[in-house]
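Asks: coords please:
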Amino acid sequence: MTHLLAARGLIKLEITRALRNRKFLFFSVIYPSVLFVIVSGTQGAGQVPETGLSVPAFMMVSMASFGALTAVLMGNSERIAKERESGWVRQLRLTALPGRGYVLAKTASAAVVGLPSVVVVFAVAAVVKGVRFEAWQWLALTGAIWAGSLCFAALGVAIGYLVSGDAVRPVTMIAYFGLSLLGGLWMPATTFPGWLRDVASWLPTHAYAALGQAIELGEAPHAGDVALLVAYFVLFTGGAAWLYRKDTMEA
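Replies: Residues are numbered from 1 along each chain as shown. Prediction:
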């Protein structure tokens, strides 16, 4: 019970800190919506090849996923690396919060903060581009993109424990832009060369965007995409927990 209360307290603290960071809110909430308007406007209202989706509908899911990725990955990794250097993490070890509770609290709080970016992109798509879906599809899209972001929140925790405060930003940026570009969030993977499409199909960002695209077509998310995201989530969470314990032993 004490462990649960400690984890809930940390989640509340993390959410409050993130919502007070105006720079973080701009890049995680406003920036993806602006990109959506720009990209969907330059591509016209035609269909994206091999997807059955219009450009605005396709880019809505891509930019909502990108916004959630920004919130959970960029915020988590840099904050944790700085907390390690400042001694904040060592202070937390003196509390009732266990290692797994710390990792899960960081992952959950980051995912909650990522939710506004998804909602804002959806609202802009509906108002500016006239994107329309059934009520159940809007709800399913929100739930799928939010749940999928947990995978990248765990990756952010792992990176925060893997590298130092000086190296965390370049390492995170490489992961951030690499996953976004190669996973097809900025441009359809259907436009990639054959070999690059094969690479993209194994990336978590590709499966992540595919969840929402399936729902837009009125289908259930494909089992392969769900399984791939779950596998990455287990990998990233396990890695984050191991790095946390390793850091604890070295402290």
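
Asks: hey, let's count contacts and neighbours off CA atoms from now on
Replies: Fine.

Asks: Could you pull out the buried residues of the helix or strand encompassing residue 227?
Replies: Per DSSP states H and E, residue 227 falls inside helix 223-250. Using 16 or more other CA atoms under 10 Å as the test for burial, helix 223-250 gives 225-226, 228-230, 232-233, 236-244.

Asks: roughly how far out does that helix sit from the chain middle?
Replies: Computed by CA atoms, centre = their mean, to the nearest Å, the chain-centroid distance of helix 223-250 equals 14 Å.

Asks: Name the residues that touch stretch 68-84?
Replies: With CA atoms under 8 Å, 6 or more residues apart in numbering as the test, stretch 68-84 has contacts from 24, 27-29, 89-90, 106-107, 110-111, 113-115, 117-118, 145-146, 149-150, 152-153, 155-161, 163-165, 168-169, 172-173, 176.

Asks: Can you say which of these are buried?
Replies: Neighbour counting by 16+ other CA under 10 Å classes 24, 27-29, 89, 106-107, 110-111, 113-115, 117-118, 145-146, 149-150, 152-153, 155-161, 163-165, 168-169, 172, 176 among those as buried.

Asks: Wait, a helix at residue 212?
Replies: Yes - assessed with DSSP: H, G, I helix; E, B strand; the rest coil, residue 212 lies in a helix.

Asks: was I right about it contacting residue 143?
Replies: No - assessed by CA atoms under 8 Å, residue 212 is found out of contact with residue 143, at 9.4 Å.

Asks: more crowded one of the two?
Replies: residue 212 (30 against 15; other CA atoms under 10 Å).

Asks: quick one: secondary structure of the closest residue in space to residue 126 that isn't next to it in sequence?
Replies: In this structure, residue 126 finds its nearest non-sequential neighbour in residue 132, 6.4 Å apart by CA to CA, 6 or more residues apart in numbering. Of the three states, residue 132 takes coil under three-state DSSP.

Asks: what number of residues lie near residue 132?
Replies: 14.

Asks: Test my guess that it contacts residue 122.
Replies: No - using CA under 8 Å, residue 132 makes no contact with residue 122, being 9.9 Å away.
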